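> following is a predicted model, sequence given first.
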Amino acid sequence: ALTVRFLTRRFIGEYGDMEFIYSHNLTVDGREILFHIWDVPYSQDQADEGSSEEKRIQWADSFVLVYSICDRASFNILPLKIQFIKATKEGMSQEKVPIVIVGNKRDLHHQRVVSSEEGRLLALSLDCGFYEVS
């Protein structure tokens, strides 16, 4: 539910290309956990900002990469992003970094250009989790 709340804000156009950090407390198994979610929109301009992107990656403990099922370009960038994340995070330790790929806008099936199967296969090939949401 937490992820969907933030995805909804991101993809309904509530804001443009600004970065936000959201904080949320959640109790899991009697333990209070504080989430800090750094919401970073992707743009082609960021492709050349390696050091800035590396800082974001170092900051995070896990990653949720979202693409629109109606936008092939947002899907096609995922393998490069995931490889960069893994090289940056896993290069320093032997721990696997948790990454989830999320296909957004599932309710717009009539505009779909990326199939669910493509998303699942990509996630499987890159050892990531996979979900589709509306």
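Ah, there it is. Numbers count the residues shown, from 1 in each chain.
> what helix or strand is the residue nearest to the spatial centre of the chain on?
With distances taken as CA atoms, centre = their mean, the residue of the chain nearest its centroid is residue 65 (1.5 Å). Following DSSP states H and E, one finds residue 65 within strand 63-68.
> what about the next helix or strand after that strand, average pLDDT?
Once strand 63-68 ends, the next helix or strand along the chain (criterion: DSSP H and E) is helix 72-76. Helix 72-76 shows a mean pLDDT of 94.
> quick one: residues in contact with helix 72-76.
42, 66-69, 103, 113-114, 118-119, 122 (CB atoms under 8 Å, 6 or more residues apart in numbering). For the C-beta atoms, the positions are set from N, CA and C on the backbone; glycine is no exception.
> export it as CSV, just CAs?
The C-alpha trace of helix 72-76 is given here as CSV (Å, rounded to 0.1, in the frame of the first residue of the first chain):
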residue,chain,number,x,y,z
ARG,A,72,8.6,1.1,-24.0
ALA,A,73,11.5,3.6,-23.4
SER,A,74,10.8,3.5,-19.6
PHE,A,75,11.1,-0.3,-19.7
ASN,A,76,14.1,-0.4,-22.0
